[in-house]
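Visitor: I would like to see how this sequence folds:
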Amino acid sequence: MKKTFHLCLASHDEVMFRSEADLNHGFNCLAVAAIETDTRVLAEAHLTTHFHTEVQTECVTSFMKQRRYAYTRYFNAKYHRKGRLGEKNYFQTELIGNKRISTCAYYIMRQGIHHGLSETAFAYEHCSANAIYRKELGKATPGQATMPAEKRYAYLPDERILPVAYRMNENGLLLREDIIDYQYVEDIIHTPQNFLFNMNRKLDNKWVDEQLEEDENAIVITPELLEQGVQMETVPSNPRTRMLSDLEMCALIDNYFVRKYKKGSDITIYDLSVKGRQAIGNDIWQCFRENWATLPKQWRIICQGTVTTTDQIRRCVVI
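Guide: A predicted model of the protein is given here:
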C-alpha cells in the first residue's frame, strides 16, 4: 500500500546543482526513478543545495536510492568528482490526511519565494508550481517544441529510453505536467481559486490550526519541520542589493576563474587542488569587496550591485 511522504536531501558543503542543465537533469532523474518504482509525484522543487519532493510510494528507499545514484553518476562524470553527493541521510516525514498533504505541497511549490529566489512562486521554474491548473491559469502550451525521440536519451540517466508519452522540451527537460500527478493534487486542492489563495497566503499559525482540526494527533507540517538539515541563506535587507544566486556564482567560477587558474576546455573546479580552490575563493571575496575592475565586463554586469557570503563562496568553490 502506498503512503505519502515528504523527502528532502541536502548538501551543506557543496552545491549539488551548478547550472540550469544540472537542475534539469536532477528532475529527469526524479522522473525516471518515479516511473520505474511506480511512485506518484505530487510536488517537487530543486534548489542548488537541496531538493524537496512529495510522493506516494510503496518503497521510499528504492525511489530515493535510484534517484540519488543516477544523479550522482551524472554529476561526478561531468565535474570529474568522486564519492557520495549530498548528506548521508535524507529527511523523511510521513504525511497523513489531505490537509497535511496539501500544506506540504504548497510549501514545496513556494520554495522560490522562501529562499528569496523569485518574487512569486510561479517565477521559480525548477518546481512543480506551474504544473497545477495549467488550463485554468492560462499556462497550457499546445504545440510546445519538444526534443526528437532519437535525441532524448542523452538527457536521461544511463541513456534510458522512455515512452514518447513522456515529452521532453528542447532544453532536455521532461515536462513536469507529464510527471507530476497534477490531477490528484487538484482534487485535494478543489479549485483554482483555492490554489491561488494558498500560493500567496502568509505562513502563519492558521496553517497549523487547519491541520489540527483535521487530525490533532498526526505530525503538524511546518516550514521548520520540512527544512530540517537545510542551511538557510540570509537575504539582504537592503532593497538596492540582492544576493548573487548560487547558479550565478558557479557560472562565474566555472566559466572564468577555473579557466584563469588552469587551462583546458573540460577543466572543472574539482580538477583544482584545495589551494587552487582557496585562491579562487579569496579572489572572489576581494572582487566583491573592492576590485570589480579585475573582472571582464560581462561578469561585472552580472555581479555588480550584488552581495555574497563566505558560506556561499565556500560551497561553490568546494572548500
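Visitor: Might you list the low-confidence residue ranges for this protein?
Guide: 141-145, 229-241, 290-291, 293 (pLDDT under 70).
Visitor: What segments of the protein are strands?
Guide: For the chain, strands defined by DSSP state E occupy the ranges 3-10, 40-46, 50-57, 91-94, 242-243, 306-307.
Visitor: Please save the CA atoms from the first one in PDB.
Guide: Think strand 3-10. The C-alpha coordinates for strand 3-10 follow below in PDB (Å, rounded to 0.1, in the frame of the first residue of the first chain):
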ATOM      1  CA  LYS A   3       2.000   6.000   1.700                       C
ATOM      2  CA  THR A   4       2.600   9.700   1.300                       C
ATOM      3  CA  PHE A   5       5.900  11.200   2.300                       C
ATOM      4  CA  HIS A   6       7.900  14.500   2.200                       C
ATOM      5  CA  LEU A   7      11.500  13.800   1.300                       C
ATOM      6  CA  CYS A   8      14.400  16.200   1.400                       C
ATOM      7  CA  LEU A   9      18.100  15.700   0.600                       C
ATOM      8  CA  ALA A  10      20.500  18.500   1.400                       C
END
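Visitor: Spatially central residue for this structure, please.
Guide: His46 (1.1 Å; CA atoms, centre = their mean).
Visitor: what's the nearest residue to it if we skip its chain neighbours?
Guide: The shortest distance from His46 to any residue other than its chain neighbours is 4.6 Å, reached at His126 (CB to CB, 6 or more residues apart in numbering). Every C-beta, even on glycine, is put in place using the N, C-alpha and C of the backbone.
Visitor: coming back round to it: the strands of the chain: which one's closest to Val274?
Guide: strand 3-10 (22.9 Å; CB to CB).
Visitor: So which residues make contact with that closest one?
Guide: Contact with strand 3-10 is made by 42, 49-58, 60, 64, 68, 86-87, 90-96, 101, 104, 108, 221, 226-231, as judged by CB atoms under 8 Å, 6 or more residues apart in numbering.
Visitor: So Glu36 sits against Gln66, correct?
Guide: Yes: Glu36 is within contact range of Gln66, at 6.6 Å (criterion: CB atoms under 8 Å).
Visitor: When these two are compared, which one has more neighbours?
Guide: Gln66 (19 against 15; other CB atoms under 10 Å).
Visitor: who's in contact with the residue nearest to that one when sequence neighbours are not counted?
Guide: Nearest residue to Gln66 in three dimensions, chain neighbours excluded: Ala33, at 4.2 Å (CB to CB, 6+ apart). The contact partners of Ala33, taken as CB under 8 Å, 6+ apart, are 39, 63-64, 66-67, 70.
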